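Colleague: Give me a model of this one.
(2 chains)
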Amino acid sequence: GENVEQHPSTLSVQEGDSAVIKCTYSDSASNYFPWYKQELGKRPQLIIDIRSNVGEKKDQRIAVTLNKTAKHFSLHITETQPEDSAVYFCAASSYNTDKLIFGTGTRLQVFP
Amino acid sequence: EPEVTQTPSHQVTQMGQEVILRCVPISNHLYFYWYRQILGQKVEFLVSFYNNEISEKSEIFDDQFSVERPDGSNFTLKIRSTKLEDSAMYFCASSFRGWNTEAFFGQGTRLTVV
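Modeller: Residues are numbered from 1 along each chain as shown, chains lettered A, B, ... in the order given. Next up is the predicted model:
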């Protein structure tokens, strides 16, 4: 069945460093890949998404890359700040469904 | 900014009891969802709803679960006879166009079954 794997489960970085979170999906029909940020006790919020017709997308300090052949997509955060500390979830959905299959989450801690 | 709102924020119920979780999606959205997150685990899809009917459901969404849009604004999830393993955070979400578009999540209802 559909599955999304996410690594690492925890990530600690120094403020100003970069952080990279990687996901792998199993369903070759997947064509939409959002990333959600969930702060403690709050709702998941979309931070960036990418569709399968694009290899890379950037929004200020956040970028996402997609390798359809390898079924990999990654989140890159540059110049990390303490307020980036949260749990990040990748997700995938395919053209014939609107459900999101989530990864297991990465807890990012940015130390000042 | 419009938000998806959920009530209650926390519900404690005895095993075997029925619970109804309530959601008010964003007003012009047409697609509605329920997801759940067991503590420390990933967010899991339960059901999607469009045009007053279920469009898709997961294997988790068995006969104990039902959804309803009783009026033009509310979207509810009912669990008929709760089990201990139903304890989780339940998120409602909505989107305007469905697939390939952003799903906006509510703040969640933490359900504790004792």
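Colleague: residues from chain A in reach of chain B?
Modeller: A:31-32, A:34, A:36, A:42-46, A:49, A:51, A:89, A:91, A:93-105 (CB under 8 Å from any CB of the partner chain). Where you see a C-beta, it was placed from the backbone N, CA and C, and this is true even at glycine.
Colleague: Please indicate which of the residues you listed are buried?
Modeller: Neighbour-count burial (16 or more other CB atoms under 10 Å in any protein chain shown) is assigned, among these, to A:31-32, A:34, A:36, A:43-44, A:49, A:89, A:91, A:93-94, A:97-105.
Colleague: among the residues of chain A next to chain B, which are in strands?
Modeller: Counting by DSSP state E, the part of those found in strands is A:31-32, A:34, A:36, A:45-46, A:49, A:51, A:89, A:91, A:93-94, A:101-102.
Colleague: Check those for the minimum pLDDT and say which it is.
Modeller: Lowest in pLDDT among these is A:Ser94, which has 87.
Colleague: Pretty sure that one sits against A:Ser26.
Modeller: No - shown here, A:Ser94 and A:Ser26 do not form a contact pair, counting by CB atoms under 8 Å, at 10.8 Å.
Colleague: anything in contact with each of these two?
Modeller: Among the neighbours of A:Ser94, those also in contact with A:Ser26 (CB atoms under 8 Å, 6 or more residues apart in numbering or on different chains) are A:Glu2.
Colleague: Quick one: residues contacting residue 52.
Modeller: By default, I'm working from chain A. Neighbouring residues of A:Ser52 by CB under 8 Å, 6+ apart: A:Ser30, A:Asn31, A:Tyr32, A:Phe33, A:Leu66, A:Lys68.
Colleague: Chain B, not that one
Modeller: Contact analysis of B:Asn52 by CB under 8 Å, 6+ apart lists B:Arg69.
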